[in-house]
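> Got a sequence here, can you build the structure:
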Amino acid sequence: MTAPAIILHDLTVTYSRHPAVHHVSGEFARGSLTAVVGPNGAGKSSLLDAMVGRIPAASGRIDIANDLHGRIAYLPQQSQIDRSFPVRVLDVALLGHWSRLRWWSGAKPAQHAQALQALATVGLSGFEDRWVNEMSVGQFQRLLFARLLLQDAPVILLDEPFTAIDERTCADLLGLVQRWHAEGRTIVAVLHDLAQVRTHFPDALLLAREAVAWGPTNEALSPPHLARAREISLHWDNHADWCDLPATAAP
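As a prediction, the model looks like this:
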C-alpha cells in the first residue's frame, strides 16, 4: 500500500497557549481531495499553518512522506497578502519557479514562456505587464493559482481559495482543483460553502478545534456531526489556559 502523504499524530497547535487545534490524529492519503470545514475559530487555518511549517506544534507531530518534503505548495488567504508593493503580474507568476531560479541569472526564456502559459490557463492573457494592485480580488486569485501551476507541487494546501470571488472565477478555479486531483496530487482546502464541498470534494475533515469527523464527505458532514461541531463551538472559552488533556482516539 502507498504511504499517506501527511499524517497527524495527536497534534495540538496553540496561540499564546490557547488551543487552536486540539489532539487531532489522522492522515491525508496520497491523491486525496479533502475539504477542511468547521465553525469560525475552529482551527482550520491554524492546521494548514502547522502543516506547512508556519507555526510549530505545541504537542504531537506532523509526518510528511520523505519524497514530499519541500514539495508542498501553500496558498494563504488573500487578507494575509500585501498587494501594495509595486510588482507586475508576470513577476508574481514567475515566483512559482522560485525553487528553480538562480539569483545570478533570473528566469530563463522557457520559464517566462511557462509563466505566460499559466496566466493564459487561468484566464489572464494580456495581464502580464499590469500592476497587481490594479487587479480585482477575483483576478488576483487567478494570478495566485497561476503561481501554483508553476510550482507544480504534489501537495497543495489552499486556505479559503474561493472566498469573496465572483461565480465565474470560482468555477474556473474549481476546475483547476479538479484537474490537479485527476493528476494525483494531494489537495487540502479550507472551505465554508458546504454545498460546494459536497459537490466537489470527496473527503472532508470537520474540525471544531478537535476532529469531529474525518472521512467521506457525506459521512463527515452528516447532520449529527454538524450539530456536534456547533455544540462544541458554543462552549469554547478563548480565555482559558492551554489544557494538557490526554490524547483522544484517532478519527
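
> so where do the strands sit in the protein?
Secondary structure of the chain (DSSP state E): strands at 6-15, 18-28, 33-37, 59-64, 72-75, 155-159, 186-190, 203-208, 210-216.

> Could you name the helices and strands sitting against the fifth one?
Think strand 72-75. Applying 3 or more Cβ pairs under 8 Å, 6 or more residues apart in numbering; DSSP states H and E, we find strand 72-75 packed against helix 44-52, helix 137-151, strand 155-159. (Glycine included, C-beta is placed from N, CA and C.)

> Nearest approach to residue 170 belongs to which of those?
Closest approach to residue 170 among these is made by helix 137-151 (8.2 Å; Cβ to Cβ).

> So what angle separates the directions of the closest one and strand 155-159?
Counting by axes from the mean of the first three to the mean of the last three Cα atoms, to 10 degrees, helix 137-151 lies at 160 degrees to strand 155-159.

> Check which residues of helix 137-151 are buried.
138-151 (16 or more other Cβ atoms under 10 Å).

> Give me the domain ranges for this protein.
Split into domains by automatic domain parsing, the chain comes to 1-71+153-246, 83-151.

> Dump those domains to TSV, plus mean pLDDT and distance to residue 77.
Shown next, in TSV, are the domains of the chain (pLDDT from 0 to 100; distance: least, Cβ to Cβ, whole Å):
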stretch	mean pLDDT	distance to residue 77
domain 1-71+153-246	92	5
domain 83-151	90	10
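
> in this protein, which residue is closest to the centre?
In the chain, the C-alpha nearest the mean C-alpha coordinate belongs to residue 158, at 2.1 Å (Cα atoms, centre = their mean).

> Please identify the nearest residue in space to it, excluding sequence neighbours.
residue 189 (4.1 Å; Cβ to Cβ, 6 or more residues apart in numbering).

> And for residue 125?
Looking at residue 125 with Cβ to Cβ, 6+ apart, the closest residue is residue 119, at 6.2 Å.

> do residue 72 as well
residue 155 (4.4 Å).

> how near is that neighbour to residue 10?
Between residue 155 and residue 10 the distance is 21 Å, computed by Cβ to Cβ, to the nearest Å.
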